[in-house]
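Student: Got a sequence here, can you build the structure:
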Amino acid sequence: MTEVVVLGAGYAGLRAIRELHGMPNVHLTLINRDPYHYEATALHTVAIGTNEPDHITFDIKQALPEDVTFTVATVTKIDVEAKTITLADQSQPLTYDYLITALGFESEDFGIKGADEYALPLENVKTAEAIRRHLEDRLAGYQETQDENDLHIIVCGAGFTSVELLGELVHRIPSLIEEYHLPAELIQITCLEAAPKVLPMFDQKLVDYAVQYLADHGAVIHTSTPIDEVTPTGVKSGDTTFNANTIIWTTGVRGSHVIADSGFQQKRNRVAVDPTLTLKDHPEVFIIGDVSAVPDPASGRFYPTTGQISIAQATHVAKNLRAQLDGNAMTPFTYKSLGTVCSLGPSVGIAELGDRGSMKLRGRKVSLLKKMVNDRTIMEESGVGNMLRHLS
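Tutor: Just a heads-up that it's a prediction; the model follows:
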C-alpha cells in the first residue's frame, strides 16, 4: 500500500485529498493542527464581527471519506531524506512514500520594531476573534476612559486582505457607534501602506472606485507611508505618528515556519519548486499553496499565492502523482486566473473577470459574485451539505 501524506487542510490540502481519493492501493493521511477547516478568504469578516466563526468553518473529519486517516497534530519538522514527519507531542515520526506539503501562511512583520508585540495579526480564526474582541472592548470602553485613541483604528498594509477588512469595518462602524453611544465625529479609520498604490492587480479605475468608496465611508488610506515602529498607542512613519489603541496588522504573509525549520531552501518560508510542483531532487515531495513559489513561464516572476491558485496546484499535483504511480512522465504546472473579486463590505466590491481581466465590475453586483465564489469553494472542498449549512 502506497502511503500519501498531506500536510495542511486548507484550500490546497483538502482539494488534493478529494482529487486523490479512490486511487487503488493508495492510503491517504491528512494532518492538520485544528479539527476544522476555515475559509481563509473570509477571516476579515470574523475579525470585524460581520460574520461568526462557525459560518466560515466546518469539521474536517465529517467532510472526509471514511477511509482517509485524519490526525489533528502540529507539524514541527519534515525530513525529506528519511521520508519522515515529526509531529508535536508524538514520539514516533510519521513515514510516507509521497508527501504533499500545503502548510499555509503566517503573518509577516518584516522585522518592524513593535509589530509582533503591539499589533494584532490576522492569521487564523483565533487571531480573527482576538481582533474582534479587542476592537469591541476599546470602543465599548470609551465612555469610561474618554481616551480618543480608543476610537482610532489603524490597519497596517493596503493589500487585498487589508482593503477587504476596511470594507467590513466601514460597514460595521455605524452600528457600533449606535450600540456604544459613541461620538461619530471622533472615529478615525486609518490605513498605512508603504507602496505608492493599493491593489496593483486591479485596473486603476477600479482601484480609484474602491479607495473613494472607503474614503466616503470614513477610511483614509495613506500610500507611500512605510511603517518604522509600532507602539502600544500608535504607529510611527518617519516624523509622523498615527495614534490609535487598535492596530491591525495585514502587511503581508509568509509561509509556515516549518519550512525554514526543516532546512528547505526558502525565502519567506516559500520554496521555489520545479515546474511539476515537486521539490528539486525529490519528485516524491510536492509543495503547494502558501509554502510554494511557482514561476510564471511567461514572465519569470512567481505567481501570487491565492486560494484560486492553491486549488489549481492541488488538482495538478494529483494528476502528477497519479502519473508517477502509473510510471508516466509528470507535466509542468500552468495557470490561468479566472479573475479576481475584492469585497468592500457585505454588499459592495470590485472585480476583474475573463481573459486578462477584460470584464470589469464594481458596486453591489460584485457582492453576489463573491458569495457565489465562496459557496462553490465550500461545496467543492466539503460537499453539498456543508455548503447548504453555510447558506442558512
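Student: measure the nearest residue to residue 121 once chain neighbours are set aside to residue 175 for me?
Tutor: Closest residue in space to residue 121, ignoring its immediate chain neighbours: residue 107 at 3.6 Å, by Cβ to Cβ, 6 or more residues apart in numbering. Backbone N, C-alpha and C define where each C-beta goes, glycine included. According to Cβ to Cβ, to the nearest Å, residue 107 stands 28 Å off from residue 175.
Student: What of residue 225?
Tutor: Shown here: residue 225 relative to residue 175, a distance of 29 Å by Cβ to Cβ.
Student: Which one's more surrounded, these two?
Tutor: Using other Cβ atoms under 10 Å as the criterion, residue 225 and residue 175 rank with residue 225 on top: 21 against 11.
Student: give me phi/psi at residue 150?
Tutor: Backbone geometry at residue 150, expressed as degrees, to the nearest 10, gives phi -70, psi -20.
Student: I'd guessed it sits against residue 136; true?
Tutor: No. Using Cβ atoms under 8 Å, residue 150 makes no contact with residue 136, being 11.0 Å away.
Student: Okay, strands next: where are they in the stretch 201-350 of the chain?
Tutor: Applying DSSP state E, counting those that start in this stretch to the stretch 201-350 of the chain gives strands spanning 219-222, 229-231, 234-237, 240-243, 246-249, 253-255, 271-272, 278-279, 282-287, 292-293, 339-343, 349-353.
Student: Select, out of those, the one closest to residue 3.
Tutor: Closest to residue 3 of those is strand 282-287 (Cβ to Cβ; 10.7 Å).
Student: Using CSV, write down the CA coordinates of that closest one.
Tutor: The C-alpha trace of strand 282-287 is given here as CSV (Å, rounded to 0.1, in the frame of the first residue of the first chain):
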residue,chain,number,x,y,z
HIS,A,282,12.8,14.8,-4.6
PRO,A,283,10.0,14.0,-7.1
GLU,A,284,8.1,12.3,-4.3
VAL,A,285,7.7,15.7,-2.4
PHE,A,286,5.1,18.1,-3.7
ILE,A,287,4.9,21.7,-2.3
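Student: that older thread, can you pull up the bridge partners for the residue nearest to residue 121?
Tutor: Listed beta-bridge partners, residue 107: residue 253 (assigned using DSSP bridges).
Student: Identify the residues contacting it.
Tutor: Applying Cβ atoms under 8 Å, 6 or more residues apart in numbering to residue 107 gives the contacts 121, 122, 123, 127, 249, 252, 253, 254.
Student: repeat for residue 175
Tutor: Applying Cβ under 8 Å, 6+ apart to residue 175 gives no contacts.
Student: just residue 60 next, same as before
Tutor: Shown in contact with residue 60 (Cβ under 8 Å, 6+ apart): 9, 14, 30, 32, 34, 35, 36, 37, 70.
Student: any idea of the pLDDT on the last one?
Tutor: Residue 70 is assigned 98 on the pLDDT scale.
Student: quick one: it from residue 220, how far?
Tutor: Applying Cβ to Cβ to residue 70 and residue 220 gives a distance of 46 Å.
Student: out of the two, which sits in the more crowded spot?
Tutor: Taking neighbours as other Cβ under 10 Å, residue 70 and residue 220 compare with residue 70 leading, 17 against 14.
Student: Show the subsequent helix or strand relative to the helix or strand hosting the more buried one.
Tutor: If you go by DSSP states H and E, residue 70 is part of strand 69-72. Going down the chain from strand 69-72, the next helix or strand is strand 75-79, by DSSP H and E.
Student: Please list all residues in contact with residue 111.
Tutor: Neighbour list for residue 111: empty [criterion: Cβ under 8 Å, 6+ apart].
Student: Specify the local secondary structure of it.
Tutor: Secondary structure, DSSP: H, G, I helix; E, B strand; the rest coil: residue 111 is coil.
Student: What does the pLDDT read for it?
Tutor: Residue 111 is assigned a predicted lDDT (pLDDT) of 96.
Student: out of the contacts of residue 107, which are buried?
Tutor: Buried residues within these, counting neighbours by 16 or more other Cβ atoms under 10 Å: 121, 122, 123, 127, 249, 252, 253, 254.
Student: Tell me the one of the residues you listed nearest residue 367?
Tutor: Distances from residue 367 to the buried ones among the contacts of residue 107, taken by Cβ to Cβ, are shortest for residue 122, at 20.9 Å.
Student: Check the gap between the residue of the chain positioned farthest from its centre and residue 67 for me.
Tutor: Within the chain, residue 144 marks the point farthest from the mean C-alpha position, 36.1 Å out by Cα atoms, centre = their mean. As defined by Cβ to Cβ, residue 144 lies at a distance of 57 Å from residue 67.
Student: now residue 170
Tutor: Noted for residue 170: a distance of 47 Å to residue 67, by Cβ to Cβ.
Student: These two: which has the busier surroundings?
Tutor: Between residue 170 and residue 67, counted using other Cβ under 10 Å, the more crowded position is residue 170 (22 against 9).
Student: Now that one. Nearest residue, chain neighbours left out?
Tutor: Distances taken as Cβ to Cβ, 6+ apart put residue 217 closest to residue 170, at 3.7 Å, once the chain neighbours are dropped.
Student: All the helices of the protein, in order from the start?
Tutor: 11-20, 43-48, 60-63, 115-118, 125-145, 160-180, 204-216, 258-261, 307-325, 365-382, 384-391 (DSSP state H).
Student: With respect to residue 236, which of the ones you listed lies nearest?
Tutor: Nearest of these (Cβ to Cβ): helix 115-118, 11.3 Å.
Student: ok now that closest one, how far from the chain's centre?
Tutor: A distance of 20 Å separates the centroid of the chain from that of helix 115-118, by Cα atoms, centre = their mean, to the nearest Å.
Student: and it, what other elements does it pack with?
Tutor: Applying 3 or more Cβ pairs under 8 Å, 6 or more residues apart in numbering; DSSP states H and E, we find helix 115-118 packed against strand 229-231.
Student: got the contact list for the strand it packs on?
Tutor: Strand 229-231 is contacted from outside by 112, 113, 114, 115, 117, 118, 119, 156, 235, 236, 247, 249, using Cβ under 8 Å, 6+ apart.
Student: Out of the strands of the stretch 201-350 of the chain, flag the one nearest residue 182.
Tutor: Of all these, strand 246-249 sits nearest to residue 182, with 13.3 Å by Cβ to Cβ.
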